[in-house]
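have a look; sequence and predicted model below, questions after that.
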Amino acid sequence: MLTLGETVVWSVDVADGMASLLVNLLLNHGQTIVYLPGLAVNRASAGYRGLGKTDAKDARVIADQARRRRDLHVLTPESEPTAELRVMTDRRADLVKERTRKTNRLHAQVLSIFPALEHALELTSIGPLVLLSGYQTPVRYDVSAAGG
């Protein structure tokens, strides 16, 4: 396409996740990419013939909208601080998900072993979590209660 000497404009409805590989590859090669939000694709596809939602229909809608509309956002490469901030916020989101997963697992285990204790504890607070991690077995509790 590029050898034809015509201007090529790429359009995408997803610019993050797995699509970011394609977006960054195109941007690093000096290509122009416009972003059409998924909701706009959904709304515009209602005006096109054909039943159902298919990738081919979505591709046609995205290409057609990119040709017609001049108000679409042009994607640009991320600055280094923006990329670093995105990596840090993604990492924090992963840590929050992991903490939630572990808390839910602990909640389920305590509920299956001792429902009354689970009802009395607020497992989203630090105190009960420290209590449970410090005294995981009756033997540990007996030793600490005896002053050992």
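Received it, and whenever you're ready, just let me know what you need.

quick one: which helix or strand includes residue 108?
Secondary structure here is read from DSSP states H and E; on that basis residue 108 sits in helix 80-113.

so how far is that helix off the chain centroid?
How far helix 80-113 lies from its chain's middle: 12 Å, per CA atoms, centre = their mean, to the nearest Å.

try stretch 117-136
In terms of CA atoms, centre = their mean, the gap separating the centre of stretch 117-136 from the centre of its chain is 30 Å.

kindly report the same for stretch 11-23.
For stretch 11-23, the distance from its own C-alpha centre to the chain's C-alpha centre is 13 Å (CA atoms, centre = their mean).

what of stretch 109-123?
The gap between the average C-alpha position of stretch 109-123 and the chain average comes to 31 Å, counting by CA atoms, centre = their mean.

and stretch 29-41, by the same measure?
Here stretch 29-41 shows a centroid-to-chain-centroid distance of 19 Å under the convention CA atoms, centre = their mean.

just the endpoints, please. Distance across it?
Between the opening and closing residues of stretch 29-41 there is a gap of 26 Å (CA to CA, to the nearest Å).

do stretch 26-36 as well
The distance separating the two terminal residues of stretch 26-36, taken as CA to CA, comes to 16 Å.

same question for stretch 15-35.
Across its full length, stretch 15-35 reaches 7 Å end to end, with CA to CA as the criterion.

show me the shaky parts of the chain.
Along the chain, the parts satisfying pLDDT under 70 run over 1-5, 51, 136-148.

what about 50?
Segments of the chain classed as low confidence (criterion: pLDDT under 50) are not present in this model.

what ranges do the strands span in it?
9-12, 32-35, 73-74 (DSSP state E).

indicate which one of these is closest to residue 126.
strand 32-35 (41.8 Å; CB to CB). The way it works is simple: take the backbone N, C-alpha and C, and place the C-beta from them, glycine included.

quick revisit: in a markdown table: the strands of the chain, plus mean neighbour count and distance to residue 89.
Written out in a markdown table, the entries for the strands of the chain read as follows (neighbours: other CB atoms under 10 Å; distance: least, CB to CB, whole Å):
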| stretch | mean neighbour count | distance to residue 89 |
| --- | --- | --- |
| strand 9-12 | 17 | 21 |
| strand 32-35 | 18 | 20 |
| strand 73-74 | 10 | 20 |
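
out of those, the one nearest residue 56 is which?
With CB to CB, the closest approach to residue 56 among the strands of the chain belongs to strand 9-12: 15.1 Å.
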